[in-house]
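Trainee: Turn this into a model:
(chains A and B)
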Amino acid sequence: MVETGHFALVLALTLALVQSVVPLYGARVGDTRLMQIGGTAAVTGFALTLLSFAALTVAYAQSDFSVANVWENSHSAKPMLFKITGVWGNHEGSMLLWVLILTFFGALVAAFGGNLPPTLRANVLAVQGWIGTAFLLFILATSNPFLRLSPAPFEGQDLNPILQDIGLAIHPPLLYLGYVGFSISFSFAVAALIEGRIDAAWARWVRPWTLAAWIFLTGGIAMGSYWAYYELGWGGFWFWDPVENASFMPWLAGTALLHSAIVMEKRSALKIWTLLLAIMTFSLSLLGTFLVRSGVLTSVHAFATDPSRGIFILCILMLFIGGSLALFAFRASSLTQGGIFQPISREGALVLNNLFLTTATATVLIGTLYPLLVEAISGDKISVGAPFFNLTFGAVMLPLLLVVPLGPLLAWKRGDALAAGQRLMAAAGAALFAMICTMIVVDGETVLAAVGIGLAVWLIIGALTDLALKAGLGSVDANVLWRRLRGLPRSVFGTSLAHLGLGVTTLGLVGALSFQTEAILVMKPKQVVEVAGNAIRFEGLRPFRGPNFTEDQGIFTLLNEAAAPVAEIVSAKRFYPVRQMPTTEAGIKTLWFSQLYISLGDETGAGAAVVRIWYKPMVTLIWLGALVMMAGGTASLMDRRLRVGAPARRKPGKAAAAA
Amino acid sequence: MSRLAHLFLALCLVALTAQPVFAVKPDEVLANPALEARARSLSEHLRCMVCQNQSIDESDAELARDLRVLVRERLVAGDTDDQVMDYIVSRYGEFVLLKPRFNLRNGLLWAAPVIFLLGGGFFMLTALRRRKAGLQPEALTDEEQAALNKIVGRDD
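Mentor: As a prediction, this is how the structure comes out:
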């Protein structure tokens, strides 16, 4: 089975080579049959990669320690779920997942791209083939997961304990679906540049793919953030780690791309922006892959082992980024200008949005790479960490968030900012009210927190205002209003929901960062401590044995006003004997949108232990907001006009009946 | 892969400290709440040297603990926030600062957002103006004017 998988991977590489060359040549000479080979190669290549991935998964499920990769990252006593997720919990396997998703998207284009112009489809598939070839070659040459060990060891070395979590089952696949999904936008952009033609129809084809990738990436980042929050045991949810930034930059650029493609689709403007953003977004995804796996940054991770991998990916990176940008420079000037617009207009607002989002991306990029740059030039070592990013990124995003509700209210071509502002009076009033309430009720000194709350309310009410106005609030009676609301295109709901989600996330961030309460103390059994109005009793420590770990559990009880128990919270220190590693398992109790977060420390004798308890108000809104954004993206994807495969071809039956 | 890397990071951290301990421990906390608050906010700006991308406030490492204690000692001794930071930088170098200083070497880092915004904004405005100018009808040539005059029947 393992050899079958290995062989299938090699075969997938040869098919990727075919897919890279044949359809491109076919499009050049206008040979339909050659162009169609691209689709066949893409689908077959996907099937082979899937077979290869399945072979590795089976090796993991059966704990076949004769495979080096399985021996390094698995253990026979591990629960089955973690045996399977362990497939991508390491460099080689995760690369295979990366390529699997790449070929999956290629196969989707082949399967659903029947209504694309044949040459565009052939070129897109060829570009996908180039990316596939590069990464399949990378896997086979430097990171082969199918290498055997002889003699086969009796027992594996187990998976990193921190990764033995449901998070590993969801986070990397979602993140990769996002990262790699942007390869489709990239391929479309490069294909358009090869053809030298780009129009509104192009944008209509590209948008659903971009949207889908964006939804996955949003989910992947949010999931990862929550995972770190509960697993790492100190309650942080975003650390501005270089590798974290690597996933955040494509998200920022992808968000800009999404907005830019709207303008291109509706108004045939911003062609240059859209193409450049499509190239940049995927380039940043590639850069992320490089940063994570080459070890050039001072971020500690197990992938940074082999410099030859770093050089290989660097070559891929230069080839694709350099090549596409050169093609862009060469061809962009030949693109026809699109619709014209006044600075104050929907297009103008979206250009502003692009400008701010790319600036934010650049800020994160430069902040991430600057220590490298300084060290290379002067040899000095400096750090760029959370305080820098919070300040600069915050300063760039603040004005953008302020104008977000205005954008959708402006008309295309020529808008009226004053009128849009007037329509948002309710939202502005609500924001002001929220700010004053925050100052009075919570704390009169934290002006920044009050501004943050006001901003969040402004975004939320602003998004709802947009929806209400488009349904005709104020000009029609309730009955008509309801009917019109239901009749609105789903993409309008998409915009509204996505912007609403942004507000919800902002609210969560402000709540958790500004209003959290913390208690650090030594607790004796039966001792009660009050944190932000929640009485918590420490019941004591109790040992526990899991399938492949032992742990000391601290049992806590949340009490109500009458000192009666409401809920039990278990926080634990775990120990994995195979890797001799301890982990912390935070005890979390969700109270509405807020959370109590309990972290257990050392035992201090006589059953007492060091305990750290946080009350984090509204913290779950950070991730719920991301879910709302994803829902917005999904609503937009469901829009008739944007359904994958739109514009729909006329059914042959219908045409025949008409004839 | 970001989160994975992060988890690996934590893992290395944990491995370094041999047994998990807390970031800020109860016995470190200063009795004076105002001083403690200052210590906490300073800690968030100081990097834990052995654990790459964590501040000493959130790190479990021994070295981070030593730095936390040092910050508190200086504060109790009556140093201002700046004096504490200068003292620590003089001992550990600028690498310890999570927010790089404003100076010539870090100029590009700090200026990048501004350069991008202003440069991009300027570029877009000029592009817009140029396009608008391009849409203004050009003046008629003499022949065109003559032809037009002929059509409308004017003679001058």
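
Trainee: residues in the stretch 501-650 of chain A within reach of chain B, list them.
Mentor: A:520-522, A:573, A:581-584, A:599, A:601-602, A:610, A:612 (CB under 8 Å from any CB of the partner chain). Placement of C-beta: from N, CA and C, glycine included.

Trainee: among those, who's most crowded?
Mentor: Neighbour counts for these peak at A:Ser599, which has 26 neighbours (criterion: other CB atoms under 10 Å in any protein chain shown).

Trainee: List the beta-bridge partners for that residue.
Mentor: Beta-bridge partners for A:Ser599, by DSSP bridges, are A:Arg612.

Trainee: any idea how far it is from A:Ala77?
Mentor: 27 Å (CB to CB, to the nearest Å).

Trainee: Leaving out chain neighbours, which residue sits closest to the residue of the stretch 251-400 of chain A found nearest chain B?
Mentor: Proximity of the stretch 251-400 of chain A to chain B (CB to the nearest CB) peaks at A:Gly385, 3.1 Å away. Of all residues not flanking A:Gly385 in the chain, B:Leu98 sits nearest, at 3.1 Å (CB to CB, 6 or more residues apart in numbering or on different chains).

Trainee: For the one you found, give me the backbone phi and psi.
Mentor: phi -80, psi -20 (degrees, to the nearest 10).

Trainee: How much space separates it from B:His45?
Mentor: For B:Leu98 relative to B:His45 (CB to CB), the value is 5 Å.

Trainee: of the two, who's got more company?
Mentor: Taking other CB under 10 Å, B:Leu98 and B:His45 do not tie; B:Leu98 has more neighbours (24 against 20).

Trainee: residues touching the more buried one, list them.
Mentor: Applying CB atoms under 8 Å, 6 or more residues apart in numbering or on different chains, we find B:Leu98 in contact with A:383-388, B:44-47, B:55.

Trainee: where does the stretch 251-400 of chain A dip in pLDDT?
Mentor: A:294-306, A:336-338 (pLDDT under 70).

Trainee: Poorly predicted segments of the chain, please.
Mentor: Let's take chain A. Looking at chain A by pLDDT under 70, you get A:294-306, A:336-338, A:443-445, A:641-659.

Trainee: Wait, chain B was what I had in mind.
Mentor: In chain B (pLDDT under 70), the answer is B:1-23, B:52, B:132-138, B:155-156.

Trainee: overlap in contacts of B:Leu98 and B:His45?
Mentor: A:387, B:55.

Trainee: So what's the residue count around the residue of the stretch 251-400 of chain A closest to chain B?
Mentor: For A:Gly385, using other CB under 10 Å, the count is 24.

Trainee: in terms of contact, does it touch B:Asn53 like I think?
Mentor: Yes. Counting by CB atoms under 8 Å, B:Asn53 is a contact partner of A:Gly385 at 6.6 Å.

Trainee: Please enumerate the shared neighbours of the two.
Mentor: Overlap between the neighbourhoods of A:Gly385 and B:Asn53 consists of A:240, B:47, taking contacts as CB under 8 Å, 6+ apart.

Trainee: how about the residue lying closest to B:Gln54 once chain neighbours are set aside, phi and psi?
Mentor: Leaving out its chain neighbours, the residue that sits closest to B:Gln54 by CB to CB, 6+ apart is B:Cys48, at 4.9 Å. The phi and psi values for B:Cys48, taken as degrees, to the nearest 10, are phi -80, psi 120.

Trainee: contacting residues for B:Cys48?
Mentor: B:54-56, B:59, B:61, B:63-64, B:67.

Trainee: Could you report the distance from A:Trp205 to A:Ala332?
Mentor: For A:Trp205, the distance to A:Ala332 (CB to CB) stands at 19 Å.

Trainee: These two - which one has more neighbours?
Mentor: More crowded of A:Trp205 and A:Ala332, by other CB under 10 Å: A:Trp205, with 26 against 16.

Trainee: Pull the contacting residues for that one.
Mentor: A:113, A:116, A:120, A:188 are the contacts of A:Trp205 under CB under 8 Å, 6+ apart.

Trainee: is it true that the last one touches A:Trp209?
Mentor: Yep, that's A:Phe188 we're talking about. Yes. Between A:Phe188 and A:Trp209 there is a contact under CB under 8 Å: 7.4 Å.

Trainee: list the buried ones in the helix ranked longest in chain B?
Mentor: Assignment by DSSP state H gives helix B:107-135 as the longest helix of chain B. Across helix B:107-135, burial judged by 16 or more other CB atoms under 10 Å in any protein chain shown covers B:109-110, B:112-113, B:116-117, B:120, B:124, B:128.

Trainee: can you redo these as JSON lines with distance to A:Phe341?
Mentor: Formatted as JSON lines, these follow (distance: CB to CB, whole Å):
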{"residue": "B:Leu109", "distance to A:Phe341": "35"}
{"residue": "B:Trp110", "distance to A:Phe341": "34"}
{"residue": "B:Ala112", "distance to A:Phe341": "29"}
{"residue": "B:Pro113", "distance to A:Phe341": "26"}
{"residue": "B:Phe116", "distance to A:Phe341": "23"}
{"residue": "B:Leu117", "distance to A:Phe341": "21"}
{"residue": "B:Gly120", "distance to A:Phe341": "17"}
{"residue": "B:Met124", "distance to A:Phe341": "12"}
{"residue": "B:Leu128", "distance to A:Phe341": "9"}
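
Trainee: Domain ranges for the chain, per the record?
Mentor: Reading this off chain A. Using automatic domain parsing, the domain parsing of chain A gives A:1-164, A:424-515+A:621-631, A:517-616.

Trainee: Actually, chain B is the one I wanted.
Mentor: Listed domain ranges for chain B are B:2-96, B:107-152 (source: automatic domain parsing).

Trainee: Kindly compare burial across these and name the winner.
Mentor: Highest mean neighbour count of these: domain B:2-96, a mean of 18 (counted as mean count of other CB atoms under 10 Å in any protein chain shown).
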